[in-house]
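A.B. asks: pasting the structure only:
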């Protein structure tokens, strides 16, 4: 037995090594030499590698090219909130390399971003003044420890911040994620299983899936689970899972810890009709004639010094961020009567996303993603597609981020800014036949949109910050992309005894779309006419009138209640106990005496129904309410905690809020969570039509009266004269 | 005493008569000779009288003119659902004039519309076949009775329908409304009061306010309450109420029954800064460069035979209606695989609006409007303003209605149809850095919008039916126009002891915006792939997994429950007990076995909190749930009942639904109510920025997969080449 076993073993080993070699040559390679990396999208096979499925793009389909690349090497910061430039990131890299913490050690930089100056410093700063000292906030891993550092760019000083006893790890680096996808290939067992499932290793596409946190066995080790798909005959490998095969990998060593294989009887779903690329279609349906937003005199906004957006009566600072995606700062609106720019919001960003899947089985229970804190919502935001992601005349802004070794790279066209007009009405009035006056006054509604689209593996999140001339800010999330689907032996629902046990919907033969939720939590540091604000619930309550008083029995009264402490401002929205939610400035009143304010207008709400003690929900506890209000604290920006990866939920918005600090007439931060329950349907296969939800920040007694009373209507001679493109 | 009294009395009488004469010459006059009336907007001082405030429109501001008027006199019906033509309305008028019911009697026609053929007849009809017999549904008042008649246009037969013992009166005629506004002038007491308030009778503008119903004293008589405003120095008289002065008028006789004057100490608010017309502004702010939706190859839709709209993969019949505004019929979407047009909705319309104000005092308690059933939502829809109400390339459809004497008239450009593109994304996917594939596939979202805007006195409702190529129908309501405000002695909130007792917000000196709700109830006769459908609640329920089963404690399961009877389908939406609401066809399944369906996706919900026994809420009981489902019944179309005016609530959707009829696998109608709580704010003064809400009808396993997988993206050479207008 021994001889034959050895032979068998050797043969198997040889075969496996061969497969690994073959596979590695087809997989994304590790980061290339840093000289290549500056424009990630254009030059690097690492951050967007060459498409392995050859596209057969016909000649006549010339797509527009992205705007000409800007010269990031020469960029200098001009505003206290400007992100770190290429030069500054290079400086940080140097400082780190030569610092005692890192010299001659293996380390990885998980985040290198501007350490924003103190709020009061920024608020006092005026254009033309020299910038406050430039500092970098660095999160690094070295020798098994997570370091949080401030790097002073002029002095070169590095200060380490004590984080106390918090669980969890920093956001993964892109290198973490890509290296995790190759890790299983080092396992002969894994490779054998894949081949046994009928998948050629050359067709393998693997995804790094954050493990969440479910107990002690997972502690003291950075872990990830890898699941794989077949790329054969489709770019849409997400529709071809090798179901039930889960590889537990050590993120620091890339060691395979455990392989679970539960789905050997489940076929890989067919590739037919899954590819969504235009070039992969046999035919196409042109349903409509071209339509375009045209601005013959050009757009009405400017972007000063690369980051300061000025449009109509708005002005704000805009920057890409590797974790949040985009950060809007110092949003101010012009008062039409005084001409002053008035503060509305000091800072707004996507703080966290929580995406729990609703399947308790082995290969699925841990899928409870935190896309910002685990994957980096900005890191996953890819270049936007001109004329399709954003209309003509859009302005595109690049992201400048740092790789794990500190090398800067450019994510081109990561954010766009454009004006939108859907044919809607800003305000109108006609006189009715009742009064018979000939009046017809209508003003078109034009808005400014800041957009990014993050592709967190399969899912695409489109985040819009939309500014209206009437002072309203709409924050909108669009969901598109591809479902995370589950393989199954079923090809028809008539084979299923109890459909509820599918944990989802049978979308196609052998394909289940698993039920899941999306929660997107926004950080909104409101500064309504100044930093000190109060949060007021304006509760609509049913009141009764006595028969002597009125023939009417009941009516609604608006009862204002100022939230004194954080717990007063933990809001679960109730349809039958409605409130308005005002952020008001108690020290500033309108002419007739109303406190100036903005209100949060909920929309797109979905409540999280997971048990509060369920480990994922402990970590996602920031979704336990739809609205929270906290006192401003520079360290409380990420709703799931700074270290979300494998965290135990000991540093969430819920933990902070339960301190129940005073929030009345303080510098306060409002947190709002948009939610979606998603029960997939066949229309979501193989790629999902966009579903959107939004909520608003809306002036409420902020202006003395309608601030756009005197804007003009459209007149015929304002509008462009257009013809079809001569080349069409 | 007697002599002096007589002298005084005579003097007063003379003075009053003088005032009446003077005033009547300045007020809208009664309907002119019918020859003038065909184009109401263009020719009649009755339905849109000349503006009494001279507009000082500068020469350079030439507004676009409406599209050239169509030749309604020659129109013939071509589809079984086409509205009555001018010729047909003339025929109805003749038949009525000569019928025994009406000959030599005073009568008024409150509604003359097509009596739609039976649903099965319409469904069987094919283009090219002769039309089913054309009939008119007529609601008339004669000799104190309300008659519901069917007039056969070919035979001339008139059939009277027994309505049984229902309360209420038909929708007011426009003549009812306008004559009510003059009625108070016949009262010397009224005129004296007005003058004592400092208002010149020549500056008077009065509104007819439906009384609601509050008890026996109001029975057996058609009543209306009239309140008046000062037009001096502003077109926005709504901001200048003569507060507390309420005149109860008999709608049949125009007799003044009672004058209540409770607000003698309340000043008429100032006119300053209230006029919203562009020509009334001293200056204007041009915040943005022109932007326009341009379609160099023209729009992609056609309107066949005046009413059949075909766009992209959609087709539907569209007609204006005096009560509902617009009616969408036989909405069908093309299946991209079979090429078949598939039924989605047989009929959709705005069934009723309910607008209760939240002030129990004498001049306000009764303000509980039902805008469709009392005023006629279509009757109040005025001509749309090209380039402002609807973008360039919009198609405009006229309404053809009948006056109280049966004379047809044209409401021009009452509805528009246009394609909209806001820069949004129909679907997208980029591959993320994780997989490194170079994929960026994005498709722009273009929609088709059907729009009308009703101005029910002060308020403007913009109703959009928006069709998407992915099969979704969005129904959107925009609120703009002018608040119904209340005069007050207060000029600053610091004079108010308890602001809650204002019943609203102090918006300007002496002006309170009173709290109110808006409920807009839609009738949706869904026919998903056939008339027989079922309503299914797909309830998301928290389930628990045992520790042995999963490290996960909880997850959500989708539990489907078919509504067997109407009460099963009375839905109050609950954030913490969420469901999807499917209308599915139990006899038709997709390839993998899911029943085909559409779901109602709630949005813009607000719950009605009035006491269920409050008289207004008894009448508005159709807002007690957000969703209802009834079996199709041709007589159940108006949620508040056919006779809403002064009704007691004995013929509402709630009454029908409580019969608890079977609805499983039946021809069913879904009712959805959009709601708004409106606590006014200063930004709403003097005219309100539009607030919008919407809900969706969305395919759910209706298509085998994403129906717009193979639409092309935008390419540069598809889009137009534009320049600024040479004349600009």
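C.D. replies: Looks like it came in fine. This structure is a prediction, so every number in the text was calculated from the model and none was measured.
A.B. asks: Which stretches in the stretch 451-600 of chain A count as strands?
C.D. replies: For the stretch 451-600 of chain A, strands defined by DSSP state E, counting those that start in this stretch occupy the ranges A:459-468, A:473-481, A:485-487, A:504-508, A:511-514, A:516-526, A:532-544, A:554-562, A:579-589, A:595-601.
A.B. asks: Reformat these as a markdown table; add mean pLDDT, mean neighbour count and distance to chain B.
C.D. replies: Bear in mind the C-beta positions are built from the backbone N, C-alpha and C, glycine included. Below are the strands of the stretch 451-600 of chain A laid out as a markdown table (pLDDT from 0 to 100; neighbours: other Cβ atoms under 10 Å in any protein chain shown; distance: least, Cβ to the nearest Cβ, whole Å):
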| stretch | mean pLDDT | mean neighbour count | distance to chain B |
| --- | --- | --- | --- |
| strand A:459-468 | 98 | 24 | 5 |
| strand A:473-481 | 98 | 22 | 5 |
| strand A:485-487 | 97 | 25 | 13 |
| strand A:504-508 | 98 | 25 | 5 |
| strand A:511-514 | 98 | 24 | 8 |
| strand A:516-526 | 98 | 24 | 7 |
| strand A:532-544 | 98 | 19 | 5 |
| strand A:554-562 | 98 | 19 | 4 |
| strand A:579-589 | 98 | 21 | 6 |
| strand A:595-601 | 98 | 25 | 8 |
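A.B. asks: and residue A:100, which of those is closest to it?
C.D. replies: strand A:516-526 (34.3 Å; Cβ to Cβ).
A.B. asks: do you know how far the closest residue to residue A:152 other than its chain neighbours is from residue A:410?
C.D. replies: Leaving out its chain neighbours, the residue that sits closest to residue A:152 by Cβ to Cβ, 6 or more residues apart in numbering or on different chains is residue A:135, at 5.4 Å. Counting by Cβ to Cβ, to the nearest Å, the gap from residue A:135 to residue A:410 is 22 Å.
A.B. asks: again, but for residue A:170
C.D. replies: Relative to residue A:410, residue A:170 is positioned 22 Å away (Cβ to Cβ).
A.B. asks: swap in residue A:677?
C.D. replies: 37 Å.
A.B. asks: And these two? Which one has more around it.
C.D. replies: residue A:410 (24 against 20; other Cβ atoms under 10 Å in any protein chain shown).
A.B. asks: for the one helix or strand the more buried one maps to, what is the average pLDDT?
C.D. replies: Element membership for residue A:410, per DSSP states H and E: strand A:408-420. The pLDDT scores in strand A:408-420 average 97.
A.B. asks: So that strand, near chain B or not?
C.D. replies: Yes: using Cβ under 8 Å from any Cβ of the partner chain, strand A:408-420 reaches chain B at A:418, A:419, A:420.
A.B. asks: Show me the shaky parts of the stretch 1-150 of chain A.
C.D. replies: Scanning the stretch 1-150 of chain A for pLDDT under 70 picks out A:1-70.
A.B. asks: quick one, strands of it?
C.D. replies: Under DSSP E, counting those that start in this stretch, the stretch 1-150 of chain A gives strands at A:107-114, A:135-142, A:145-152.
A.B. asks: cool, and the stretch 201-350 of chain A?
C.D. replies: A:204-210, A:223-230, A:245-250, A:256-261, A:292-294, A:301-304, A:308-311, A:314-321, A:325-334, A:341-356.
A.B. asks: and the longest one, what other elements does it pack with?
C.D. replies: Helices and strands touching strand A:341-356, as assessed by 3 or more Cβ pairs under 8 Å, 6 or more residues apart in numbering or on different chains; DSSP states H and E, comprise strand A:325-334, strand A:368-369, strand A:459-468, strand A:473-481, strand A:516-526.
A.B. asks: Parallel or antiparallel, which strands does the fourth one pair with?
C.D. replies: For strand A:473-481, sheet partners with direction are given as strand A:459-468 (antiparallel), strand A:688-700 (antiparallel), following DSSP bridges.
A.B. asks: Kind regards, and thank you for your time.
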